[in-house]
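Colleague: show me the folded form of this:
(2 chains)
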Amino acid sequence: MMRAGRFHYVAAKSPAEAASALADGGGKAMLLAGGTDLVPNMKRRQQMPEIVVSLRQVSELRQLHIDGETTIGAGVTLADIVRDPRLRQHGALFRAAAQVATPLIRNSATIGGNLCLDTRCNYYNQNYEWRQAIDFCKKAPGPAAVAIESVVNDGDGTCWVAPSSPRCWAVSSSDSAPALIALGARVSLLSSKDGEREIPLEALFHDDGMRYMTKRPDEVLTRVTIPHDGVKSTYWKLRRRGSFDFPALGVAAALRLGTGGIVEHARIVLGAVASRPLLLSESSLLVGRTLTDDAIAEFVDATAKWAKPLDNTDFLMTWRKQVSKLFLAGVLRELRGDDVETFPLLARRASNVGEAVW
Amino acid sequence: MSGHRVVGKPRRRVDGRAKVTGQTRFADDLQFPRTLHCKLLRSPHPHARIVSIDTSHANLAPGVHLILTGRDFPVTFGILPVSMDEEPLCRDKVRMVGDAVAAVIAATEEEAAAACELIDVAYEPLKTIADPLEALANEEPRIHDHGDHGNVHKKVALEFGDVDASLAAADHVFDDTFFYEGNTHLALEQHAAVALLDPDGRLTLHSSTQVPHYVHRQVARALEIPAHKLRVVAAPNGGGFGGKTDVFNHEIIVAKAALITGRPVRICLTREEVFLCHRGRHPVLMRLRTGVKSDGSIVAMDLETLLDGGAYGSYGVASTFYTGQLQTVTYHVPRYRFRGCRTFTNKPPCGPKRGHGTPQPRFGQEVQLDKIAIALGRDPADLRLQQLEQPGALTANYMRLGTIALKQCIEKVVEGSGWRDKWQRLPDGRGIGIACSAYLCGAGLPIYWNDLPHSGVQLKLDRSGLVTLFCGATEVGQGSDDVLAGIVAEVLGVAPHEIKLLTGDTDLTPVDLGSYSSRVTLMAGNAAIQAAERARAIIAAGVSAKLGIPEDRLVFADGRVFDAEDPAQGLSFQDAVIVAEGKHGIIGTTGSYRPAVSAAKYKGGGVGPSPSYSYSASVVEVEVDRTSGWVEVKKVWIAHDIGIALNPVLARGQVEGSVYMALGEALMEESAMRRLPARLSNALVHKFPSMLEYKSPTTMEMPEIETYLIEEPEPDGPFGAKEVGQGPLLPIMPAIANAIFDAVGVRIDEIPITPDKIFKALREQAQGRSPRVGPDSFPAIEWGEVSIVPPPSEGGDGRAINEKPRKSKVVDSGVRLAPDSPGANVGDGVKR
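Modeller: This next block holds a predicted model:
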């Protein structure tokens, strides 16, 4: 890997200072939190901000409050989330955070960074010379027009995943995003111009590999808020190995079951099958039903169409599609109380947090 | 082995402390004042003519000292004399994405990289040859103008006995095709080199190489300087696995740049560049036809292999032979035909990776044996046990075998795993599989013809009591330093850690051919014994004269030399050396080793012979998820016929490391390439040239391993030792495939075995079709005339009856050189 190019470094002391540095940067600045996504991208020349605004000294972003709701500062590390017993109540978040990358990376990577994770693609996450050999791609179309968060190229370059497509199909590869969307989380965005706004997390994302966030370049994601609405939740991750790997599929589910196992509330989210996490609108079809095998099968039949994996992550795409059905059924069976230990091998593995539990 | 104080005792390796505390200095750790940095500009085209290279802008860039292009390197190179087809920098055409066309030497690495982007290269793209079938179908454009014809690099065709007649007479003939995808070494250390001029004007090249001797020859040749003006020092390798056994362009380039600039010049490849250097496992398509009697005993085997060689020759001719030559050394194969074909393609060149050319056909052979056992209603372990080749046998293709403890290996893993209770008896989704293998203990011939020793060791003993060992062998992590120290320590009765080692330095150490073909333990080990025994004799004579104790009563142990009958009578080792030095003069001894001449006199018979062969047997238990095809290896039992384990800790590490690497090959690793639609792009690139997406197992994927070291001393091995670095990798892949069949009844006849393939086979099974995933056919290849070599049992003499006789180039058949040969003289050890 090459070394990162030259850049100006701004060490913000507060969220407001960071927001103002971004505004001053005029679209040429990017935020650095844990650096586990941005720095490798800078080394490979996928992202080349002129100004890097560091959030590492912003202690306000590392706060965690739990009262009527759970509020997690964007700078809280994934390792802190995994280790904090108070957060185990948010099962999907715990499972997702615990399965991100490796212990070393989780010590540095933040929840805000994982939500804003750049979309990924086998044609994009390669070094400069490799991309030169394929004549670059839509998301990073070459030396002249370097993609950074705010400056995306319009129309130039081919999307090698789907060469006739006008859009980029890079994949949303965050584990925490589907989990937090299932949990009904909201995020706060701060800008110098407009102050703070809070949006549902699912509204943070676009289904576009290049413009994958609605967050403006001058906004700082400051915190995530999770309501306490009595749900049980889980997150299953498909990855080749028990460590390191980005998801090739993620399925998050949050359910509240009433008396007799009647579903009162359901949010089910697919990750890593599109350029954004997909909150399945069919989740509401489960409300008022009990999770019988038939109900689960009907739900899987109705929703499997949403998983449209393309050939730009690990594993054969047709196989990932098959696994999405298994996982959709699996998360519901887990949440209705089936013993995961009796599940087939891949299901046991996908719901296992692996080395995160020491 | 009773009576040994060092050999056979588990102990900490001599270089262990330095490695775990970060003190080992790898090639990229070497720092010299005024060092310049080199970056290579590489081709973005898989196959193109170079029209022009304009370096005028780059020359003016900040920090640039020198820019080299192909015109600066008139001499081609290549590891094998038969295919010296590589250019340090491409002159007229590029043959793969990543071929180097220019080198920038600048004050910093960043400046060198920036200047590379200012070099303007005009290319004229040529038609790309992407795989062996395209290579066979397209004689033009030729990637190289050498090789057999068109884009066929090498065809070999050998027949030992009338195979067709035996197949026709066989009770059953099994005919299977297999495919083994390529994969790469993935050594953690990226290749690095630094070259500098000594004050006296001689050139020194430090490099992460497994073969300093071959690098020495080739760099001197490529730079057209006398070999004695060049010193090559192999830095300790951060893993090699065969990926550092070639001579590389960057080594020649930094050497040349140091000569021109007069300053040290370094290079360290990026991970992506290491993927481009490659020399990894050849993708091989195979067809294996085996005729058996009704009890499953083999009567004849007919193997065809098709290799995807990539853009250069590398070790390819040897690799091609290796896909066939070791098929006969495990089970008795009375008649055998082997035909292999290596093609050029516009991809990174393949070469030797742990097991060099043999894991691919071994996979086919061992999976086919499992199919034979199932078809004939036999237990796969028994089917193997009934037809093991005999110790000391001369095989149909004239491989002379040494000791064989494979029977004990099989029995051990069968017992340890509970095979008899588990095979075909585990619940659905659980399965157990068995496979065996064999490997060389060193290639019988060097890569260039000569009749010189393959390995030499010098010892210097001085009045401080220090024993210094000089040997060209290279520590690549396998523990060769420890093996040498342990052997000398055993003979001289001192502690291994007290021996000073100086290895892999062409100025200072006698030649050892390098760390490849699992040759160091046996060859350098034998040379070390000879040198140590000579030193021991000198000391014994001195002590005997001083103390009046007969030499044959002297014991060398625990840092002393003493009387066996009265241990109190003796001297410390240091005093013993002082006494001996006073009597004999300065003490220096040498040892040499050269393998015996092979019985295989036919053309191609140079590949495969070895002083001895190691054997392995493995049982693997898996769990397969029928709903998804996911497979997990639950446990591995592996027994390795090691002769004796010189250091059991090291040996177990090698076995477990082999299993680890094999699991990656079996289940996930693939050097997959990506070809973009031709109408849009000419690209032919790696799918994943990164350590994140080239999937290799982590500790999370490691199952429990039960390792058994089977010790039956090999008379030709040092203290009876055989190799352990490569052989134990080989049985794992087929054992996994066989276990998957036992678990769910599907056959995956290709590597890697990924969950989508198992899933697909399970679907076929559910629909009543053949539950198999694998290649459907092997192409019709025009093999030309086959060399007919009657096997020993049919009156053959090791020569082909339809081949012109050649002059024999190797004469002496001695194993260790005779004690009266040059070098045995007292004081004739270290001269400089």
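
Colleague: C-alpha only now, for contacts and for neighbours.
Modeller: Will do.

Colleague: most remote residue from chain A's center?
Modeller: Residue farthest from the centre of chain A, counting by Cα atoms, centre = their mean, is residue A:260 at 33.8 Å.

Colleague: roughly how far apart are it and residue A:63?
Modeller: Look at residue A:260 and residue A:63: by Cα to Cα, to the nearest Å, they are 39 Å apart.

Colleague: wasn't residue B:571 part of a strand?
Modeller: Yes. When classified by DSSP: H, G, I helix; E, B strand; the rest coil, residue B:571 is found to be part of a strand.

Colleague: what's the neighbour count on it?
Modeller: When neighbours are defined as other Cα atoms under 10 Å in any protein chain shown, residue B:571 has 20 of them.

Colleague: quick one: it and residue B:557 touch, right?
Modeller: No. With contacts defined as Cα atoms under 8 Å, residue B:571 does not count as touching residue B:557, sitting 10.9 Å away.

Colleague: so residue B:276 sits against residue B:312, correct?
Modeller: No. Assessed by Cα under 8 Å, residue B:276 is found out of contact with residue B:312, at 11.9 Å.

Colleague: more neighbours: which of those two?
Modeller: residue B:312 (27 against 21).

Colleague: which non-adjacent residue is nearest the residue of chain B at minimum distance from chain A?
Modeller: Nearest residue of chain B to chain A, counting by Cα to the nearest Cα: residue B:44, 4.2 Å away. Spatially, and ignoring its direct neighbours in sequence, residue B:44 is nearest to residue A:133 (4.2 Å; Cα to Cα, 6 or more residues apart in numbering or on different chains).

Colleague: how far does stretch B:724-738 stretch from start to finish?
Modeller: When the termini of stretch B:724-738 are compared using Cα to Cα, they are 24 Å apart.

Colleague: what parts of the stretch 1-150 of chain A come near chain B?
Modeller: The stretch 1-150 of chain A comes close to chain B at residues A:1-3, A:122, A:126-127, A:129-130, A:132-135, as judged by Cα under 8 Å from any Cα of the partner chain.

Colleague: list residues touching both of residue B:276 and residue B:312?
Modeller: The contact sets of residue B:276 and residue B:312 overlap at residue B:348 (Cα atoms under 8 Å, 6 or more residues apart in numbering or on different chains).

Colleague: once you drop chain neighbours, what's closest to residue A:129?
Modeller: Nearest one to residue A:129, counting by Cα to Cα, 6+ apart, is residue B:44 at 7.1 Å.

Colleague: show me what the helix or strand where residue B:219 lies is packed up against.
Modeller: Using DSSP states H and E, residue B:219 sits within helix B:212-223. Applying 3 or more Cα pairs under 8 Å, 6 or more residues apart in numbering or on different chains; DSSP states H and E, we find helix B:212-223 packed against strand B:230-234, helix B:249-261.

Colleague: pick the most buried one from the ones you listed.
Modeller: Comparing those by mean neighbour count (mean count of other Cα atoms under 10 Å in any protein chain shown), strand B:230-234 comes out on top with a mean of 27.

Colleague: the residue in the stretch 101-250 of chain A positioned nearest to chain B: how many residues sit nearby?
Modeller: Here the stretch 101-250 of chain A gets closest to chain B at one residue, residue A:133, 4.2 Å apart by Cα to the nearest Cα. For residue A:133, the number of neighbouring residues by other Cα under 10 Å comes to 20.

Colleague: neighbours of residue B:428, just the number please.
Modeller: 15.

Colleague: please identify the buried residues of the host helix or strand of residue B:705?
Modeller: Assigned by DSSP H and E, residue B:705 belongs to strand B:704-711. Judged by neighbour count using 16 or more other Cα atoms under 10 Å in any protein chain shown, the buried positions of strand B:704-711 are B:705-711.

Colleague: contacts for that strand?
Modeller: Against strand B:704-711 from outside (Cα under 8 Å, 6+ apart): B:405, B:408-409, B:412, B:634-645, B:652, B:655-656.

Colleague: biggest helix in chain A by residues?
Modeller: Longest among the helix segments of chain A by residue count, using DSSP state H, is helix A:317-336.

Colleague: can you tell me what sits against that helix?
Modeller: Contacts with helix A:317-336, where a contact means Cα under 8 Å, 6+ apart, come from A:232-236, A:248-249, A:251-253, A:255, A:261, A:291, A:296-297, A:300, A:304, A:307-311, A:340, A:347, B:627-628, B:756, B:759.

Colleague: next secondary structure after it?
Modeller: helix A:345-350.

Colleague: for that next one, enumerate the helices and strands it packs against.
Modeller: Packed next to helix A:345-350, using 3+ Cα pairs under 8 Å, 6+ apart, are strand A:232-238, helix A:317-336.

Colleague: let me know which of the ones you listed is tucked in deepest.
Modeller: strand A:232-238 (a mean of 27).

Colleague: ok, and what's touching whichever helix or strand comes after that strand?
Modeller: Downstream of strand A:232-238, the first helix or strand assigned by DSSP H and E is strand A:249-257. Applying Cα under 8 Å, 6+ apart, the contact partners of strand A:249-257 are A:92, A:175, A:178-179, A:182-183, A:229-239, A:263-273, A:320, A:324, A:327-328, A:331-332, A:335.

Colleague: relative to strand A:232-238, how tilted is strand A:249-257?
Modeller: Using axes from the mean of the first three to the mean of the last three Cα atoms, to 10 degrees, the direction of strand A:249-257 lies 170 degrees away from that of strand A:232-238.

Colleague: what angle do strand A:249-257 and helix A:317-336 make?
Modeller: Relative orientation of strand A:249-257 and helix A:317-336, computed by the same axes, to 10 degrees: 20 degrees.

Colleague: hang on, the earlier thing: generate a PyMOL selection restricted to the buried subset of the contacts of strand B:704-711.
Modeller: Remark: buried members of the contacts of strand B:704-711, expressed as a PyMOL selection using 16+ other Cα under 10 Å:
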select buried, chain B and resi 405+408+409+412+634+635+636+637+638+639+640+641+642+643+644+645+652+655+656
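
Colleague: list the buried residues of the helix or strand that contains residue B:166.
Modeller: Per DSSP H and E, residue B:166 falls inside helix B:163-169. By 16+ other Cα under 10 Å, the buried positions in helix B:163-169 come out as B:163-164, B:166-167.

Colleague: OK, contacts around residue B:414?
Modeller: B:381, B:420, B:619.

Colleague: now residue B:18: closest residue in space that isn't a chain neighbour?
Modeller: Of all residues not flanking residue B:18 in the chain, residue B:24 sits nearest, at 5.2 Å (Cα to Cα, 6+ apart).

Colleague: how much space is there between that neighbour and residue B:453?
Modeller: 30 Å.

Colleague: between those two, point out the one with more neighbours.
Modeller: For the pair residue B:24 and residue B:453, the greater number of neighbours falls to residue B:453 (21 against 17), based on other Cα under 10 Å.

Colleague: how about that one, phi and psi?
Modeller: phi -60, psi 150 (degrees, to the nearest 10).

Colleague: just give me the neighbour total for the nearest residue to it once chain neighbours are set aside.
Modeller: Of all residues not flanking residue B:453 in the chain, residue B:594 sits nearest, at 4.7 Å (Cα to Cα, 6+ apart). Residue B:594: 25 surrounding residues under other Cα under 10 Å.

Colleague: repeat that for residue B:499.
Modeller: For residue B:499, using other Cα under 10 Å, the count is 21.

Colleague: now swap in residue B:684 and tell me
Modeller: Other residues within reach of residue B:684, judged by other Cα under 10 Å, total 25.

Colleague: any regions of the stretch 651-800 of chain B where pLDDT drops low?
Modeller: The model of the stretch 651-800 of chain B has no residue with pLDDT under 70.

Colleague: before we move on, what about chain A?
Modeller: Judged by pLDDT under 70, the stretches of chain A that qualify are A:1, A:143-155, A:354-358.
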